[in-house]
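1. how would this look folded up:
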Amino acid sequence: MQFTASMIPADIDTFEKLSAWSSTILNAHGYALDYNERPPSVVTGDSGIQSQFERNGPFVSHQKDHRLIFRQAFLLEDDHAGSAYAMEYQAVKEVITAPVNVDFIA
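-> The predicted model follows:
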């Protein structure tokens, strides 16, 4: 889907909230898409769908395509479960406070 900046909710004011928001969208709309990191194994009894989060950087999946995995764990405000936040991304605490490297800004 084509992305435009106007799609970003106005209350997103940190990169952490943006990442949490966009990851939630990808997860919600891509839940039916799966892939095998390795062939299914009779020995271990797994279906081969487990992802290789221990890998850093690009890797080649079982389907022979290149993939890059990002793991993200954001600290939430203490009252994240309360009525102050309608969506989880709104309660994400900021991690990065330094200015973004100019190479990442269009």
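2. which element is Lys64 on?
-> Following DSSP states H and E, there is no helix or strand that holds Lys64.
3. any idea how far it is from Thr44?
-> Lys64 sits 22 Å away from Thr44, going by C-beta to C-beta, to the nearest Å. No exception for glycine: its C-beta is placed from N, CA and C like everyone else's.
4. Between these two, which has more neighbouring residues?
-> Taking other C-beta atoms under 10 Å, Lys64 and Thr44 do not tie; Thr44 has more neighbours (10 against 6).
5. residue boundaries of the helices in the protein?
-> Under the criterion DSSP state H, helices of the chain are mapped to 15-29.
6. what about Trp21, how many residues close to it?
-> 20.
7. Would you confirm that it contacts Asp13?
-> No - counting by C-beta atoms under 8 Å, Trp21 does not reach Asp13; the two are 11.2 Å apart.
8. Tell me where the chain has strands.
-> 59-60, 66-67 (DSSP state E).
9. Those: which one's closest to Pro9?
-> strand 66-67 (28.1 Å; C-beta to C-beta).
10. Quick one: low-confidence residue ranges for this protein.
-> Along the chain, the parts satisfying pLDDT under 70 run over 1, 26-38, 48-57, 68-71, 73, 96, 100, 104-106.
11. Mind doing that once more with 50?
-> Counting by pLDDT under 50, the chain contains low-confidence ranges at 50-56.
12. hmm, back to that, now the strands of the chain as TSV including mean neighbour count and distance to Gln2?
-> Shown next, in TSV, are the strands of the chain (neighbours: other C-beta atoms under 10 Å; distance: least, C-beta to C-beta, whole Å):
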stretch	mean neighbour count	distance to Gln2
strand 59-60	12	28
strand 66-67	11	22
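13. now those strands in JSON lines, with distance to Asp79?
-> Compiled in JSON lines, those are given as follows (distance: least, C-beta to C-beta, whole Å):
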{"stretch": "strand 59-60", "distance to Asp79": "39"}
{"stretch": "strand 66-67", "distance to Asp79": "36"}
